[in-house]
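[1] Just a sequence and a predicted model for now, questions to come.
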Amino acid sequence: MDRHLPFEDELTALLPRLRRFAHALARSPSDADDLTQMTVERAIRSRSQWQPGTRLDSWLYRIMRNIWIDTVRSRARKEKFEAPPEEADSIGVDPTGGMEASMDLQRVMAAMQRLPEEQREVVALILIEGFGYREAAEMLDLPIGTVSSRLVRGRAALLALVGA
């Protein structure tokens, strides 16, 4: 660069090279643009630290690299302590209901295992899978009255085991 150009003119002339270097560091166009902007802002603020007669490009690259290192470190700390953006919808939601439902489901499933097999299969088909009495009777090759009585006994036993 011509050492006789004013600081701002020399800085402006270096912008395309700074942007290329920023792209090499950041690998993302928006991050590279932000990095270039932060570098220029810091260079202008810190202009008094630059020694005229030395290479402005080297000084700017050093500033950019330091900003990038700080950015990467900051992101790593942030990712360590902050939830990812895709979890934003569930942040602040009280998990109690979901945890209680999960615990209730575990209790019901444990109680289901304690039912006699003939009651367990009818309860599973009708109450869990949502089949009708007639469909369950056909699947199990049983009269509908038998399915109905097993369901009543199974439901009562399940309620007693769960403690409802």
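    Received it, and whenever you're ready, just let me know what you need. Numbers count the residues shown, from 1 in each chain.
[2] Report the distance from the helix or strand hosting residue 70 to the chain centre.
    Using DSSP states H and E, residue 70 sits in helix 56-81. In terms of Cα atoms, centre = their mean, to the nearest Å, the centre of helix 56-81 is set 24 Å apart from its chain centre.
[3] Identify the residues contacting stretch 122-129?
    Outside stretch 122-129, the residues that touch it by Cβ atoms under 8 Å, 6 or more residues apart in numbering are 112, 115, 131-133, 135-136, 139-140, 147, 150-151, 154-155, 158. (Glycine included, C-beta is placed from N, CA and C.)
[4] Any idea how far apart the tips of it sit?
    End-to-end span of stretch 122-129 (Cα to Cα, to the nearest Å): 10 Å.
[5] for the record, mean pLDDT for it?
    Averaged over stretch 122-129, pLDDT sits at 84.
[6] thinking again about what came up before, tell me which other helices or strands the helix holding residue 70 touches.
    With contacts taken as 3 or more Cβ pairs under 8 Å, 6 or more residues apart in numbering; DSSP states H and E, helix 56-81 sits against helix 7-26, helix 29-45.
[7] least reliable of the ones you listed going by mean pLDDT?
    Sorting these by mean pLDDT places helix 7-26 lowest, at a mean of 91.
[8] any idea how far that helix is from the chain center?
    Average the C-alpha atoms of helix 7-26, do the same for its chain, and the two points are 34 Å apart (Cα atoms, centre = their mean).
[9] Can you spell out which helices and strands pack onto that helix?
    helix 29-45, helix 56-81.
[10] Please list the residues outside stretch 23-40 that contact it.
    With Cβ under 8 Å, 6+ apart as the test, stretch 23-40 has contacts from 11, 15, 18-19, 22, 60, 63-65, 67-68, 71.
[11] next helix or strand past the lowest-mean-pLDDT helix or strand in the chain?
    None of the helices or strands of the chain scores lower by mean pLDDT, DSSP states H and E than helix 96-114, at a mean of 74. Proceeding N to C from helix 96-114, the next assigned helix or strand is helix 117-123, under DSSP H and E.
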